[in-house]
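Engineer: Predicted model and sequence follow; I will ask about them next.
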Amino acid sequence: MFTFDYLPGRSSSHLAQDSKACGTEADQPCRRSLFGGFWRRVCARVVDLVQLSLLSSGISLIWVVSPLRTVVPASALLPVQLAVAVIYEVACVSAFGGTVGKLLLGLRIVGEDHAFIGRTRAFFRSIAAVVSGLILCAGFVMVAFDPQKRALHDRLCKTRVVTRWLAK
């Protein structure tokens, strides 16, 4: 569960103001300082994309040097690379609470109950992230304007990206 006991540099009056800004009193207290912001998430995504690009390059290199290139067309590599990206996302998020980029930047992906999400929800979240990107990345830009810093795929899968030291 979430712990709100220790928030460095934040007094109780600031926390009360933040919880009022984030929703109704009946909701569990939500504070903007707990959620992963837009630029932090962008940087995490860049780290992940660099890793996936290196992995995709490795897959392409294996295809180039293998005798299968005469049998398997290059267009068959795209689904393989997409599958590897989804497997990477699902494995990291379900096992560690975030991808390598998110973990390096101190972020975790949690459900509404503030616990790590399982493989099924991580899978659907990664598919929903594709939808967020297909609509001119508007699903990702939502993070900048949402009080709880949720993207479209976070809303669809009922997840949140929070600072690592607060997730349990």
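Structural biologist: Arrived safely, thanks for sending.
Engineer: Could you list the residues in contact with stretch 40-60?
Structural biologist: 36, 77, 80-81, 84-85, 88, 98-102, 104-107, 143, 149, 151, 161 (C-beta atoms under 8 Å, 6 or more residues apart in numbering). (Each C-beta comes from the backbone N, C-alpha and C, glycine too.)
Engineer: Just the CA coordinates for that stretch, please, in CSV.
Structural biologist: Output in CSV follows, covering the C-alpha atoms of stretch 40-60 (Å, rounded to 0.1, in the frame of the first residue of the first chain):
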residue,chain,number,x,y,z
ARG,A,40,10.2,12.5,-16.3
ARG,A,41,8.1,10.0,-18.2
VAL,A,42,9.4,11.3,-21.5
CYS,A,43,13.0,10.7,-20.4
ALA,A,44,12.1,7.2,-19.2
ARG,A,45,10.5,6.4,-22.5
VAL,A,46,13.7,7.7,-24.4
VAL,A,47,15.8,5.3,-22.2
ASP,A,48,13.5,2.4,-23.1
LEU,A,49,13.5,3.3,-26.8
VAL,A,50,17.3,3.4,-26.9
GLN,A,51,17.4,-0.1,-25.4
LEU,A,52,14.7,-1.4,-27.7
SER,A,53,16.5,0.1,-30.7
LEU,A,54,19.7,-1.7,-29.8
LEU,A,55,17.7,-4.9,-29.4
SER,A,56,16.0,-4.4,-32.7
SER,A,57,19.3,-3.8,-34.4
GLY,A,58,20.5,-7.1,-33.0
ILE,A,59,17.5,-8.9,-34.3
SER,A,60,18.0,-7.3,-37.7
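Engineer: and it, what's its mean pLDDT?
Structural biologist: Computed over stretch 40-60, the mean pLDDT rounds to 95.
Engineer: Can you select the buried ones from the contacts of stretch 40-60 in PyMOL?
Structural biologist: Only the buried entries of these go into this PyMOL selection, using 16 or more other C-beta atoms under 10 Å:
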select buried, resi 36+77+81+85+88+98+99+101+102+105+107+143+149+151+161
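Engineer: Give me the subset of the contacts of stretch 40-60 that lies in strands.
Structural biologist: Counting by DSSP state E, the contacts of stretch 40-60 place Leu107, Val161 in strands.
Engineer: Flag every buried residue along the longest helix along the chain.
Structural biologist: Scanning the chain for the helix with the most residues, using DSSP state H, yields helix 38-65. Going by neighbour count (16+ other C-beta under 10 Å), the buried part of helix 38-65 is Phe38, Arg40, Arg41, Ala44, Arg45, Val47, Asp48, Leu52, Ser56, Trp63.
Engineer: same thing with stretch 84-98?
Structural biologist: By neighbour count on 16+ other C-beta under 10 Å, the buried set for stretch 84-98 is Ala85, Val86, Tyr88, Glu89, Val90, Cys92, Val93, Ser94, Gly97, Gly98.
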